[in-house]
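>>> 3D, please:
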Amino acid sequence: MSYAVQWVRSLIFNASMYVAMLVIGVAYLPAAIASRRGAIAGCHMYCRWVIWSASWMIGLKVEIRGEPPTDEVMVAAKHQSFFDVLVIYGAIPRGKFIMKSILKYAPIIGQFGLRIGCIPVQRGKRGQAIKRMVADVQAGRALPGQLIIYPQGTRTAPGDYRPYKIGTGALYRELGQPVVPVATNVGVFWPKRGVLRKPGIAVFEFLPRIAPGLPVDEFMTRLEADIEKTSNRLNAEAGFHALPSDH
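Just a heads-up that it's a prediction; the model follows:
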């Protein structure tokens with residue numbers, strides 16, 4: 001298939017994602033207002049629709065490896081694109097995120113984010129968010145589910161290196177929950193910027209969980225090694241080979 005044809009297909013697919021977000025968001029809004037279960041159902045429906053439409057509109061299929069968690073854990077994932085947010089959330093029963101505070105005012109995204117248990121935080125004040133989450137867990141006010149976090153803090157293209165932020169270690173220490181690392185190669189097919197989406201198989205691998213109780217430094221070293229080593233292997237499976245690095 002020519003580059004031009006795939007680019008046009010990608011453009012149509014990208015536009016369809018936003019149309020579907022609006023349609024599904026409006027359709028599920030009454031259910032989301034009524035209960036958290038309704039909000040989760042709407043979010044899962046949107047994830048399924050995008051994954052299904054990607055498979056035939058742009059030829060991008062999804063493979064899940066490992067065992068997605070269903071209990072109270074943190075999910076620490078490699079973040080390469082918007083697609084990995086949807087696939088990981090769609091694979092677990094009650095996912096929730098730490099989201100930028102301004103997003104709570106965004107139509108549809110803000111309303112659903114708050115209803116599924118996302119924690120809004122102002123830029124530069126993640127320490128306060130951690131304290132609030134810990135207090136809510138201890139007081140039994142936190143909504144049950146799987147907290148999805150991105151240890152590098154931003155989307156990172158295959159082959160690029162960004163340090164793992166210590167806030168992940170602080171959450172691990174304070175919440176006392178197991179952590180399930182997730183590696184992926186989706187960035188090979190869904191670049192950080194641009195319209196083009198490439199056909200192929202995006203793999204998401206849920207790795208063995210890290211039990212609570214490790215020293216933070218030891219936890220961070222293991223987490224980074226597990227995610228980076230596996231993501232590099234998945235990148236190679238997809239035909240991407242990074243240049244040697246010091247990390």
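>>> Please make it C-alpha for all contacts and neighbour counts, starting now.
Fine.
>>> any idea how far the residue nearest the centre of the chain lies from residue 97?
Among the residues of the chain, the one closest to the centroid is residue 85, at 3.2 Å (CA atoms, centre = their mean). Going from residue 85 to residue 97 by CA to CA, to the nearest Å gives 10 Å.
>>> CA atoms only for the host helix or strand of residue 113, dumped as CSV, please.
Using DSSP states H and E, residue 113 maps to helix 109-115. The C-alpha coordinates for helix 109-115 follow below in CSV (Å, rounded to 0.1, in the frame of the first residue of the first chain):
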residue,chain,number,x,y,z
ILE,A,109,-13.2,13.8,29.0
GLY,A,110,-13.5,15.8,32.2
GLN,A,111,-16.8,14.4,33.3
PHE,A,112,-16.0,10.8,32.5
GLY,A,113,-12.5,11.2,34.0
LEU,A,114,-13.9,12.3,37.4
ARG,A,115,-16.6,9.7,37.4
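>>> the longest helix in the chain is where?
The longest helix of the chain (DSSP state H) is helix 3-34.
>>> so residue 179 makes contact with residue 209?
Yes: assessed by CA atoms under 8 Å, residue 179 is found in contact with residue 209 at 5.4 Å.
>>> low pLDDT regions in this structure?
Within the chain, the stretches with pLDDT under 70 are 1, 123-127, 129-130, 132-142, 242-247.
>>> Which parts of it are strands?
Counting by DSSP state E, the chain has strands at residues 60-65, 74-77, 95-100, 119-121, 146-149, 179-184, 200-206.
>>> and the second one, which strands flank it?
Paired with strand 74-77 in the same sheet, following DSSP bridges, are strand 146-149 (parallel), strand 179-184 (parallel).
>>> just those strands: most buried one?
strand 179-184 (a mean of 26; mean count of other CA atoms under 10 Å).
>>> CA atoms of that strand as PDB?
Extracted C-alpha coordinates of strand 179-184, given in PDB (Å, rounded to 0.1, in the frame of the first residue of the first chain):
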ATOM      1  CA  VAL A 179       3.000  -2.600  40.700                       C
ATOM      2  CA  VAL A 180       2.300  -4.300  37.300                       C
ATOM      3  CA  PRO A 181       4.800  -3.000  34.700                       C
ATOM      4  CA  VAL A 182       3.600  -2.800  31.100                       C
ATOM      5  CA  ALA A 183       5.800  -2.700  28.000                       C
ATOM      6  CA  THR A 184       4.800  -1.900  24.400                       C
END
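>>> how far is that strand from where the chain is centred?
Mean-position distance between strand 179-184 and its chain equals 10 Å (CA atoms, centre = their mean, to the nearest Å).
>>> which residues does residue 199 contact?
By CA atoms under 8 Å, 6 or more residues apart in numbering, the contact set of residue 199 is 58, 59, 60, 61, 189.
>>> Give me the neighbour count for the nearest residue to residue 163 once chain neighbours are set aside.
Counting by CA to CA, 6 or more residues apart in numbering, residue 152 is the residue found nearest to residue 163 once chain neighbours are left out, at 6.0 Å. Residue neighbour count, defined by other CA atoms under 10 Å, stands at 20 for residue 152.
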